[in-house]
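**Student:** Here you go, sequence then predicted model.
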Amino acid sequence: MTVVGYLVNAISLGALYALIAVSVGLVFGVLRQINLAQGEVITFGAYSLWLMRSLPTWLAIVLCFAVCIAASLLLQVAVFRPLRGASALTTLVATFGVSYGLEALWLIIFGPSGNTVSMLTSLNNTVVGGAVALRWITLVEIGAAVVLLGGLLLLLFRTSLGMRMRAVAEDLRAARLVGVRIGQVVTWAFVLSGASAAVVAVLATVQTPLVTPTFGLNLIIFALVGVVLGGLDHLGRATAGGFIVGFVNSLLGSILPEQELVFVTSLTFLFVVVVLVVRPAGLLAPRGADVERV
Amino acid sequence: MTRSTLRLAAELLGPLAVVGLVALVAAHLSTSDQTDAINVLVIATIVIGLYVFIGNSGVISFGQISFAAVGAFAAGIYTTPVTTRQTTMPHLFGILARPVLTNVESILLAAGLGALFALLVGLALMRLSGLAAGIATFAVLEITYNILANWDKIGPGPTTLASVPVTTGVGQATVGCAAAVVIAFVYQRSRSSRLLRASRADALAARGIGVSIVRHRLGAFVLSGAICGLAGALYVHALGSINVTEVYLTLTFSTLAMLVVGGSQSLWGATLGGIVLGILSSFLTNAENGTTVFGLSFTLPNGLNSIIFAVLFVGALMLFPRGLTRNREFLAKWLGERPSRSGAALSGPEGPGGVVPAAAGHDGGPETAARSRATTAAEPKP
């Protein structure tokens, strides 16, 4: 049971990171730009759940979706649109700045000690007790990820919108030439990205109810590591990368002794550096896909 | 004197004059305000260090604060009395436990260690550009922070290293900052820097004429590491204490913001950005703890400093990506320098490079079109 417990917990953290990777990857797919501020959309969603703690749970969750989608669209209008045509690096740095500023804003509004969201607490009850407890939320996370990723696949490969999104991801110029409305596709990418951020906000607050100003940042950094490892250029690989990082981190967390646990961060980032140097297109990218370097 | 000589003189003397002005004002301030002025000079030194690499190469680095951190802790530990070290950091490696260095020795050591660390990192990373460079150097910062914060054999770990001798006054901070200006100036007149700037403007063309981009980038990276290490030593000796959280994300972000707002591709921009925004930052930090201006006393909420910096930074990236100085050296406009056409704050027209092919702008002008053509040529589709 212990081993199964470890594995299931690892799968659920992997699923959570995969969802974050999707929300970064959707925007990256169409714009070729990384949105570091996506973490703040998650934080905002989590705080909104706290603000609406007196409302019925279903309503709070619906509003959380609305808040995250609105925040995501606001980012598009206020940050990405003025920076269109700028290099991917400029946007990365700018969204880093936005993220930094918003964190300070959360600090001023909500204080440094964090706010506890006590929503859907019954999901934290254990399904199976024992050495490694298995909680309902773990299963919900896995279920949500499977459903959402499946839905996304259907959307991308079975609908007209999905086809247009893939066309833009493949070649923006050519897509425009054949009449795809780029602005519309980009807006949809931000809407979907905001919606997946909302899912993450709900799941993550149930799992760790204490929402602090760095709530989303801590999630996004590791998910981003996964995205880079998997390969930024491809939504499927990016998602798989996110999953692997969550999975491995969770396993290491349960296996390693306390003193060495603190250095897992270093190992993770060292791994990132090695991958970027050796296989800059990502570990999961096919051979020969390596991009030009200096 | 010919115009080019005048321009050269202005290029060096402009930044030096600003540093001197801060020193002159600081000499007449009260002790507590003097501490702020010293801090401004130290931060400006770091910004100049960032400029040496980012400005000349057009490649982003989030990792330079790691070099400042290593410099700060090395200088701090080696100037702390041996007995204090034994009680506050009992697990230190033997090599760190013993010799006590003087102030100047520790500063030189910090600069050397900064350069050495930068060399090791740079050997691995200098082939990367654009997004890949951004993420990899960010990883370096995270690793350095993680190790410094948790490994008590090389330093105080998560606790604050206190009781470091406070030996950096206005004089030493001024000399340190001026030295950084002079080093950056001498470097940017050198052949290596010109070749590096050529690669910033057009990596393909530079490589075509035989420029070894990696080698010149590495040179700039190591020099930048040395300046950052030196600034780290000044930092710890000015405050008398250091905690690893002080040399992490906040400092990385604020110094980068100063560089971009000032103008990341000129020494004048780096110096001015560092000093002006440094003064703003120390004013805001004081105001967060309560301050009095013209008899009006008030307290700003904790964190406003960060928000204002974020707004300035993102606003600068959007509205004036060439910074306050438009990437020009001091007086260059009046002394007949032809305006530079390249402009983006961070990456050169080489584009994002690295992992990602160039972003095809939504309303790509001729420049963007040319750029993405160049990138397409460089990156054969798999």
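**Tutor:** Right, received. Where do you want to start?

**Student:** What is the longest helix of chain A by residue count?
**Tutor:** Once chain A is assigned using DSSP state H, the helix that runs over the most residues is helix A:2-31.

**Student:** Show me what the next helix or strand along the chain from that helix packs onto, helices and strands only.
**Tutor:** Secondary structure here is assigned by DSSP states H and E; on that basis, the next helix or strand after helix A:2-31 toward the C-terminus is helix A:38-51. Counting by 3 or more Cβ pairs under 8 Å, 6 or more residues apart in numbering or on different chains; DSSP states H and E, the packing neighbours recorded for helix A:38-51 are helix A:2-31, helix A:57-75, helix A:88-110, strand A:115-116, helix A:182-207, strand A:210-211, helix A:215-230. Every C-beta, even on glycine, is put in place using the N, C-alpha and C of the backbone.

**Student:** and the longest one, what other elements does it pack with?
**Tutor:** For helix A:2-31, the helices and strands in contact under the criterion 3+ Cβ pairs under 8 Å, 6+ apart are helix A:38-51, strand A:134-135, helix A:136-158, helix A:160-170, helix A:182-207, helix A:215-230, helix A:235-255.

**Student:** Go through the helices and strands packed on helix A:38-51 and name the closest to residue B:7.
**Tutor:** Put simply, out of the helices and strands packed on helix A:38-51 the one that sits nearest residue B:7 is helix A:88-110, at 29.2 Å, with distance taken as Cβ to Cβ.

**Student:** thinking again about what came up before, what is the orientation angle of the longest helix of chain A with helix A:235-255?
**Tutor:** Between the direction of helix A:2-31 and that of helix A:235-255, the angle (axes from the mean of the first three to the mean of the last three Cα atoms, to 10 degrees) works out to 150 degrees.

**Student:** ok now helix A:2-31, how far from the chain's centre?
**Tutor:** Using Cα atoms, centre = their mean, to the nearest Å, the distance from the centre of helix A:2-31 to the centre of the chain it belongs to is 8 Å.

**Student:** do the same with stretch B:42-56
**Tutor:** Relative to the chain's own centre, stretch B:42-56 is displaced by 3 Å; criterion: Cα atoms, centre = their mean.

**Student:** near chain A, anything from it?
**Tutor:** No - with Cβ under 8 Å from any Cβ of the partner chain as the criterion, chain A is not reached by stretch B:42-56; the gap is at least 10.4 Å.

**Student:** so how far does that stretch reach from one end to the other?
**Tutor:** With Cα to Cα, to the nearest Å applied, stretch B:42-56 spans 21 Å between its terminal residues.

**Student:** pLDDT averaged over that stretch - what is it?
**Tutor:** Mean pLDDT, stretch B:42-56: 96.

**Student:** any weak-confidence spans in the chain?
**Tutor:** Just so you know, I chose chain A. A:1, A:128-133, A:287-294 (pLDDT under 70).

**Student:** right idea, wrong chain: chain B
**Tutor:** Low-confidence regions of chain B, defined by pLDDT under 70, span residues B:1, B:337-382.

**Student:** So which residue is dead centre in it?
**Tutor:** Residue closest to the mean C-alpha point of chain B, counted by Cα atoms, centre = their mean, is residue B:50 at 2.7 Å.

**Student:** Residue B:171: helix or strand, and which one exactly?
**Tutor:** For residue B:171, the host element (DSSP H and E) is helix B:170-188.

**Student:** Quick one: residues in contact with that helix.
**Tutor:** For helix B:170-188, contacts defined as Cβ atoms under 8 Å, 6 or more residues apart in numbering or on different chains pick out B:11-12, B:15-16, B:19-20, B:22-23, B:26-27, B:34, B:37-38, B:41-42, B:44-45, B:48-49, B:51-52, B:56, B:103, B:107, B:168, B:193, B:197, B:220, B:223, B:227, B:230-231, B:234, B:237-238, B:267, B:270-271.

**Student:** Can you tell me which of those residues end up in helices?
**Tutor:** B:11-12, B:15-16, B:19-20, B:22-23, B:26-27, B:34, B:37-38, B:41-42, B:44-45, B:48-49, B:56, B:103, B:107, B:193, B:197, B:220, B:223, B:227, B:230-231, B:234, B:237-238, B:267, B:270-271.

**Student:** Excluding chain neighbours, give the residue nearest to residue B:166 in space.
**Tutor:** In space, and not counting its chain neighbours, residue B:166 is closest to residue B:240: 4.0 Å by Cβ to Cβ, 6 or more residues apart in numbering or on different chains.

**Student:** Which residues are in contact with the one you found?
**Tutor:** Shown here is residue B:240, whose contacts under the criterion Cβ under 8 Å, 6+ apart are B:162-166.

**Student:** okay, now residue B:184: neighbour count?
**Tutor:** 25 (other Cβ atoms under 10 Å in any protein chain shown).

**Student:** got the contact list for the residue in the stretch 101-250 of chain B that chain A sits nearest to?
**Tutor:** Residue nearest to chain A within the stretch 101-250 of chain B: residue B:139 (3.9 Å; Cβ to the nearest Cβ). Listed by Cβ under 8 Å, 6+ apart, the contact set of residue B:139 reads A:225, A:269-270, A:272-273, A:276.

**Student:** 10 Å instead?
**Tutor:** A:221, A:225, A:228, A:265-266, A:268-276, B:62-63, B:125 (Cβ atoms under 10 Å, 6 or more residues apart in numbering or on different chains).

**Student:** And the buried ones among the ones in helices among the contacts of helix B:170-188, selectable in ChimeraX?
**Tutor:** Under the burial definition 16 or more other Cβ atoms under 10 Å in any protein chain shown, those of the ones in helices among the contacts of helix B:170-188 that qualify are selected in ChimeraX by:
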select /B:11,12,15,16,19,22,23,26,34,37,38,41,42,44,45,48,49,56,103,107,193,197,220,223,227,230,231,234,237,238,267,270,271
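
**Student:** how about the residue nearest to residue B:166, phi and psi?
**Tutor:** Note on residue B:240: backbone dihedrals following degrees, to the nearest 10 are phi 80, psi 0.

**Student:** Show me the contacts of residue B:240 that map onto helices.
**Tutor:** Applying DSSP H to those, no entry is found in helices.

**Student:** If you rank these by neighbours, which is first?
**Tutor:** Neighbour tally across these (other Cβ under 10 Å): the maximum, 24 neighbours, falls on residue B:164.
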